[in-house]
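1. kindly return the folded structure for what I paste below:
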Amino acid sequence: MMTIGTCVTFDSLPLAPKFKNLAELGLHHCQLMSWDQSQRTDERVQEVLDACKEYDVTITALWCGWEGPVEWNFYGGQETLGLVPEAYRYARVLNLKQGADFAKKIGVTDIVTHMGYVPSNPYDSRYPGFVAAVTNIAAYLKQNDQYLLFETGQETPVTLLRLFEDVGLDNLGVNLDPANLILYGMGNPVDALDVFGKYVRGVHGKDGKYPTSGRALGEETAMGEGKVDFPKLIKGLYDLGYDGCITIEREIEGDQQVKDVILARDMLQNIIANL
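-> As a prediction, the model looks like this:
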């Protein structure tokens, strides 16, 4: 049966209070979101393991960020995000391997990241080098019995499927962020299951609207206020045999974030209970 969790930021602040808050919401699964490479240390490994044990939390995946500039839009994003920009590719390959090594120490098998605007044209001059970089990382993770998960959004489902076929390794997977497919205008998440459904190993519980500008992403919303049809999406996942976690992600801060997480939790619990 599918479980419900949230995203938890892994930064310089102690982790135990965050897991305590998670448990108080009745949730015991999370994706650990890590952008700061300096925090992925041996000293913090025991802290993570102790916090998991104390609050009965299972970390389903490490969301692994990378160094360098970041712009979440349709213009700057093309030049800054993921492994597609050649200027940052070498360093970010090392960042992802380092993140995978840290994840292994805390018992996590799935490494999630944004890979950037994967070229939809397989004859794009950047594509062969990008495929080689992904293959390099996936092969490294395979030695650790780990999976490399692509968070959806910046490429069409067909582009992602083609990439998996071109890399040809069996430890590639999808972290399906249904809102991102909509925010980037790349597809309908329910229909996307027809394309890459068998690769889904993680899912974000996030909602949003389509872009209304050719330069800016669509608007993220509270669950139920956007375009994601969660009952159909979760039924589609269920029919595919998915029994992993739906990880709530609400990219705002403060009291409203907590309210929206509770709203999403209740909606998801109701949908799952009625499968």
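2. now do the same contact list for the closest residue in space to residue 197 that isn't next to it in sequence.
-> The shortest distance from residue 197 to any non-neighbouring residue, by C-beta to C-beta, 6 or more residues apart in numbering, is to residue 240 (4.8 Å). C-beta here means a position set from N, CA and C on the backbone, and glycine is covered the same way. Residue 240 makes contacts with 193, 197, 198, 200, as judged by C-beta atoms under 8 Å, 6 or more residues apart in numbering.
3. gap between the third one and residue 227?
-> Okay, so that is residue 198. In this view, residue 198 and residue 227 are 24 Å apart by C-beta to C-beta, to the nearest Å.
4. could you do residue 165 as well?
-> 29 Å.
5. which one of those two has more residues nearby?
-> Ranked by neighbour count (other C-beta atoms under 10 Å), residue 165 and residue 227 place residue 227 first, with 17 against 9.
6. returning to what we had before: considering the contacts of residue 240, which possesses the most neighbours?
-> Greatest neighbour count in these, by other C-beta under 10 Å, goes to residue 193: 23 neighbours.
7. does residue 271 touch residue 230 like I think?
-> Yes. Judged on C-beta atoms under 8 Å, residue 271 makes contact with residue 230 at a distance of 6.0 Å.
8. any idea how many residues pack against residue 135?
-> 16.
9. ok so residue 30 is a strand residue?
-> Yes. Per DSSP: H, G, I helix; E, B strand; the rest coil, residue 30 lies within a strand segment.
10. give me the neighbour count for it.
-> With other C-beta under 10 Å as criterion, residue 30 counts 25.
11. repeat that for the one 5 residues further on.
-> Counted with other C-beta under 10 Å, the burial measure for residue 35 works out to 16 neighbours.
12. so where's the protein shaky on pLDDT?
-> Nowhere does the chain drop to pLDDT under 70.
13. show me the helices in it, by range?
-> 16-24, 42-55, 76-80, 86-105, 127-143, 157-167, 178-183, 189-196, 230-239, 255-273 (DSSP state H).
14. nearest to residue 215, out of those helices?
-> Proximity to residue 215 (C-beta to C-beta) singles out helix 76-80 among the helices of the chain, at 9.5 Å.
15. name the residues of the closest one that are buried.
-> Of all the residues in helix 76-80, those buried under the rule 16 or more other C-beta atoms under 10 Å are 77, 80.
16. and for stretch 128-147?
-> For stretch 128-147, by 16+ other C-beta under 10 Å, it's 130, 131, 133, 134, 135, 137, 138, 140, 141, 146, 147.
17. tabulate these (a markdown table), appending distance to residue 257.
-> Formatted as a markdown table, these follow (distance: C-beta to C-beta, whole Å):
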| residue | distance to residue 257 |
| --- | --- |
| 130 | 34 |
| 131 | 37 |
| 133 | 34 |
| 134 | 33 |
| 135 | 37 |
| 137 | 32 |
| 138 | 33 |
| 140 | 35 |
| 141 | 31 |
| 146 | 30 |
| 147 | 29 |
